[in-house]
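# Give me a model of this one.
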Amino acid sequence: MNKALLISLLSLLLPLRLQASTLLDNAAATIVIYNMNDPESKGLADFYCAARGIDPAKEIPLAAPTSEEISRNDYDICIAGPIREMMVERGYWMTTKDIQGNDLLVMSRIHYAVLVRGVPLKIAECTNYPGDNLALQPPPYGNCTAASVDSELSILGLFSRQVSGAMKNPLCINKLDSAHDANPLVPLTQIPPQMLLVGRLDGPSVESVKAMVNNGLKAEKEGLWGWGYTDMRSITTPGFILGDQFVKKAGEVMRKNGIPVINDDLPETFPSGFPITDAAAYFGWYTENIDGPFRDPAFHFLPGAFAAHLHSYSATTLRDPLRGWTAPLIVHGASASVGNVYEPYLVFTTDFGTLEEKLLSGCNLAESYYAAQPVLSWMSILVGDPLYRPYATLSSAGTGTAPLSVWQEYRQIIMAHHGDVLKSAHDLGDAASSSKESLYLEALGAAQEDAGELPAAGASFRDAAKFEKNPNIQFRLLLEQARVLEKRGKLDKGMALLMQESKNYENPAQKALLTDWIIRMNPVKPTPTPQPTGQKAAH
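Numbering: from 1, shown residues only. I've put the predicted structure just below:
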């Protein structure tokens, strides 16, 4: 049997293999890879194994460069080659030879691979790579040899020296339109089923990595309860609208599962001064480096939060706490994120909606990420414990004897109405009245606003403000009321509301935000100042 036919047959068996894998002990199916040349990498590997109950014998040591970016030659010699050898020597992989004498993987005992801080992050572009065949029919997309280390390790069992371009991920379940599906990717039959689901425990510091793991374990036991924040661009440009669709879908999925959502649909990212409170999830785009309230040194996500910002270079480094988004989000307390190490093209980035849908169904990070990531041997990475299940306790919430939290009661109300927030309006109003908690009505108002029910949204926000005592949330409710008036075309009333309340806020960031919003709503555009003859106007 030739190699193509065998791999095609194995691909047909992939769903059966994945079903069987869910019955395995995930810890027993996990390897932990660290870099002996990094003095802190081994300690983090030991820490993670102890936290997850993984046999330390499953650790795989590498002698790799300590830089984040390495050459393709370094990847082959220091990473791919040694891992393949140990996988076979330890009996994790069963291999055979095809009729041409090439290695062929037929069985694997390992499902997950954890890369520990110190293992290189990305592989630089190279030329004239031995064995790289650009004459494939059809050729791989992009003819690019750069990639993340993580994405290349996902297909380590392919034993391939073909590295140019992206390969279609057989686990991906995204529903892209026909134009996107038409991209000339390597055929599915060229990817064997024995993939490694790779997650990376990495960040600017050892402490941030340990917090990532510990907070995830805490959330698994106690539940991940809080707001979901989504940040759209309200963009309609062909070729870019997909990013908004990813973010919008993530918000819709959270709402349908009883997670309250606040959505920013202004073209800019969440502005500095906007109160982000009790953040359990964040999905947004599109600025190069972390900004707005997320950059505030005092800001922190709830333990176990998932946070991701779509940008071509969001994870170009994980060492700098202020560069990109992935590393800074981890520093600010997120337990998991995704990012890109080089330009990935929008259509090949992770679908936030699919990822969040899988997480909310009870899947772990790795399963959810690979269901949402369309291509492999490319630019994306998953940062976080791949075994972490953020919503492990979601379905059991409220079944014990402990009193319900406001988050749990909110979810019960929404799920009693089959995930429809708008149809839950009466019950949410009753819950707010009896508990004097603003969350019920603010979440309702946010859903009404996104559905275009603007008068109802304004009323919900006003009623929510009557119950709220927290000054930061009061400020957010003020902004939400003004935004609804702006959308209704009542700019004068929106401006008047903000100007009337501005005297109550002395925080510099909040005052600046109020000023910006008042200027934006001003229906009378300022007249440009005439320039002296021969002097160019500033741009």
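# C-alpha coordinates for whichever helix or strand Ser151 is part of, PDB please?
Element membership for Ser151 (DSSP states H and E) is helix 149-154. Only the C-alpha atoms of helix 149-154 are listed here, as PDB (Å, rounded to 0.1, in the frame of the first residue of the first chain):
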ATOM      1  CA  VAL A 149       7.500  26.000  16.600                       C
ATOM      2  CA  ASP A 150       4.200  25.000  18.200                       C
ATOM      3  CA  SER A 151       2.400  24.700  14.900                       C
ATOM      4  CA  GLU A 152       5.200  22.600  13.300                       C
ATOM      5  CA  LEU A 153       5.300  20.300  16.300                       C
ATOM      6  CA  SER A 154       1.500  19.700  15.800                       C
END
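# Output the contacting helices and strands for the next helix or strand after it.
Next helix or strand after helix 149-154 toward the C-terminus (DSSP H and E): strand 167-168. Judged by 3 or more C-beta pairs under 8 Å, 6 or more residues apart in numbering; DSSP states H and E, the packing partners of strand 167-168 are strand 375-376. (Glycine included, C-beta is placed from N, CA and C.)
# name the element Glu486 belongs to?
Using DSSP H and E, Glu486 maps to helix 471-487.
# In the stretch 101-250 of the chain, mark out all the strands, start to finish.
For the stretch 101-250 of the chain, the strands defined by DSSP state E, counting those that start in this stretch occupy 103-108, 112-116, 122-123, 147-148, 167-168, 197-201, 227-231.
# ok, how many other residues are close to Arg161?
12 (other C-beta atoms under 10 Å).
# Contacts only, for it.
129-132 (C-beta atoms under 8 Å, 6 or more residues apart in numbering).
# Now rank the residues you listed by neighbours and give me the top one.
Asp132 (19 neighbours).
# In this structure Arg488 contacts Leu454, no?
Yes. Taking C-beta atoms under 8 Å as the definition, Arg488 is a contact partner of Leu454 at 5.0 Å.
# Counting neighbours, go ahead and name the busier of those two.
Shown here are Arg488 and Leu454; by other C-beta under 10 Å, Leu454 has more neighbours (19 against 14).
# Provide a list of residues in contact with Ile381.
121, 148, 150-151, 200, 315, 326, 338-341.
# distance of the closest residue to Asp291 other than its chain neighbours from Ile155?
If the residues on either side of it in the chain are set aside, Asp291 comes closest to Thr269, at 5.9 Å by C-beta to C-beta, 6 or more residues apart in numbering. The spacing between Thr269 and Ile155, counted by C-beta to C-beta, to the nearest Å, is 34 Å.
# where does this protein have low pLDDT?
1-24, 133-140, 176-193, 398-400, 525-539 (pLDDT under 70).
# go with 80
Counting by pLDDT under 80, the chain contains low-confidence residues at 1-24, 131-142, 161, 175-194, 396-402, 523-539.
# Tell me the secondary structure at Phe274.
Look at Phe274: counting by DSSP: H, G, I helix; E, B strand; the rest coil, its state is coil.
# picking up where we left off before, out of the strands of the stretch 101-250 of the chain, which one sits most buried?
strand 147-148 (a mean of 28; mean count of other C-beta atoms under 10 Å).
# Tell me the strands beside that one, with direction?
Partners of strand 147-148 in the sheet, by DSSP bridges, are strand 122-123 (antiparallel).
# For the partner strand, which outside residues touch it?
Contacts of strand 122-123 (C-beta under 8 Å, 6+ apart): 68-72, 75, 145-149, 152, 316, 341-342.
# What about these, which are in helices?
Using DSSP state H, 72, 149, 152 are the members of the contacts of strand 122-123 that sit in helices.
# So the second one is in contact with Arg72, correct?
No. Judged on C-beta under 8 Å, Val149 makes no contact with Arg72 at a distance of 10.8 Å.
# quick one, which of the two is more surrounded?
Val149 (25 against 21).
# contacting residues for the more buried one?
Contacts of Val149 by C-beta under 8 Å, 6+ apart are 70, 75, 79, 115, 119-123.
# hey, what's Asn263 bridged with?
Beta-bridge pairing of Asn263 under DSSP bridges involves Thr230.
# isn't it right next to Gln448, touching?
No. Contact criterion C-beta under 8 Å: Asn263 and Gln448 do not qualify, at 11.5 Å.
# Following the chain past the helix or strand hosting Asp492, name the next helix or strand.
Per DSSP H and E: Asp492 is located in helix 491-501. Counting by DSSP H and E, the element after helix 491-501 in chain order, helix or strand, is helix 508-521.
# Convert that following helix to CSV, retaining C-alpha atoms only.
What follows is helix 508-521, C-alpha atoms only, in CSV (Å, rounded to 0.1, in the frame of the first residue of the first chain):
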residue,chain,number,x,y,z
PRO,A,508,-8.0,61.8,34.4
ALA,A,509,-8.6,58.8,32.1
GLN,A,510,-12.4,59.0,32.7
LYS,A,511,-12.4,62.8,32.2
ALA,A,512,-10.4,62.4,28.9
LEU,A,513,-12.8,59.7,27.7
LEU,A,514,-15.9,61.9,28.5
THR,A,515,-14.3,64.7,26.5
ASP,A,516,-13.6,62.4,23.5
TRP,A,517,-17.1,61.1,23.5
ILE,A,518,-18.6,64.6,23.8
ILE,A,519,-16.5,65.8,20.8
ARG,A,520,-17.5,62.7,18.8
MET,A,521,-21.2,63.4,19.4
